[in-house]
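Trainee: Here's my sequence, what's the structure:
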Amino acid sequence: MSDRHTKREKLVTVIYQHLLLQKDLFECYNDFYLNPEEEFGHSIIEDLYVNEEEYIKEISRYLNNWEFSRLNYVEQAVLLEAMSEIRQNINDKAVIID
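Mentor: Okay, the predicted model is just below:
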């Protein structure tokens, strides 16, 4: 498993906790990460902190006859993490989607 893959898994866990517990995103991040200043994770969390609602609206546009809130929290977390990576142009879209 690649290091980037492991980091994505951790971020999805952090976002999942944020969504499930309705807890502050940075608090979840700091509770979970051993190194909260790790650049990849920190940039995703900062971006989501500012743009989470915008991303939810954007994702919702593609959920035909479905609402974002009806997705389970894991799916929501995966989509939000991927959306942040795409918007920040962190990696190729095909890699992010895979």
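Trainee: Give me the distance between Ser60 and Gln76.
Mentor: 11 Å (Cβ to Cβ, to the nearest Å). Yep, even glycine has a C-beta here, placed from its N, CA and C like the rest.
Trainee: same question, Val14
Mentor: For Val14 relative to Gln76 (Cβ to Cβ), the value is 13 Å.
Trainee: biggest helix in the chain by residues?
Mentor: In the chain, ranked by residue count with DSSP state H as the criterion, the top helix is helix 39-60.
Trainee: in the helix or strand just after it, what's buried?
Mentor: Counting by DSSP states H and E, the element after helix 39-60 in chain order, helix or strand, is helix 73-88. Counting neighbours by 16 or more other Cβ atoms under 10 Å, one finds that the buried residues in helix 73-88 are 76-86.
Trainee: Which neighbouring elements make contact with helix 73-88?
Mentor: Applying 3 or more Cβ pairs under 8 Å, 6 or more residues apart in numbering; DSSP states H and E, one finds that helix 73-88 makes contact with helix 3-21, helix 39-60, helix 93-97.
Trainee: which one of the buried residues of helix 73-88 is nearest Glu52?
Mentor: The shortest approach to Glu52 among the buried residues of helix 73-88 belongs to Leu80, at 6.6 Å (Cβ to Cβ).
Trainee: where does the chain have low pLDDT?
Mentor: Where the chain drops to pLDDT under 70, the residues are 1-2, 34-37.
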